[in-house]
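Chemist: The following comprises the amino acid sequence and a computationally predicted model.
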Amino acid sequence: MHPTILYYGMDGQPISREEYARLYEGGNDERVVARTDLPNGYVVSTILLCLDHNWGTHGRPLIFETMVFDPSGSEADVPECARVLGTGGFRTCERYATAEEARAGHRYFVAEWAPLPDPRKGKGVPSDARRDGQQAR
């Protein structure tokens, strides 16, 4: 995190602690850049993090994030953010410096994940099923 700027708004500019707190109030969706519920059950969600997730002192602040969630994930695998969204297991994540990059990343993940089969239709098949098509005992 850059030492002089702690919080960022949707435009990438610094915001006050009070504005940051307001953005995180319950039910506030001002941080949502995009959310797409795909027909196959996957959810692609892109939000403003407000905090720099670059974790270093070099490079641009990474303040946006796209995550893909799988509705068939077990509750044990679901991070708190997914429980709040009402989605299943977390599958992948990417972070961005600008809202424009975040929107492009969101479109990319929608295009990548939309053609996949619905994971809920494979229920009953153990995850350790053998590759030759036979189910593990």
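Modeler: Arrived safely, thanks for sending.

Chemist: which parts of the longest helix belonging to the chain are buried?
Modeler: The residue-count maximum for a helix in the chain (DSSP state H) belongs to helix 99-113. Across helix 99-113, burial judged by 16 or more other Cβ atoms under 10 Å covers A99, E101, A102, R103, G105, H106, F109, V110, W113. All C-beta atoms are positioned from the backbone trio N, CA, C, and that covers glycine.

Chemist: nearest to M67, of the residues you listed?
Modeler: F109 (8.6 Å; Cβ to Cβ).

Chemist: all strands of this protein, in order?
Modeler: For the chain, the strands defined by DSSP state E cover 32-37, 43-48, 64-70, 89-96.

Chemist: mind checking which of these is nearest L6?
Modeler: Comparison of the strands of the chain against L6 by Cβ to Cβ identifies strand 43-48 as nearest, at 14.3 Å.

Chemist: JSON lines for the strands of the chain, including distance to E18 and mean pLDDT?
Modeler: Converted to JSON lines, those look like this (distance: least, Cβ to Cβ, whole Å; pLDDT from 0 to 100):
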{"stretch": "strand 32-37", "distance to E18": "20", "mean pLDDT": "95"}
{"stretch": "strand 43-48", "distance to E18": "16", "mean pLDDT": "94"}
{"stretch": "strand 64-70", "distance to E18": "21", "mean pLDDT": "91"}
{"stretch": "strand 89-96", "distance to E18": "25", "mean pLDDT": "85"}
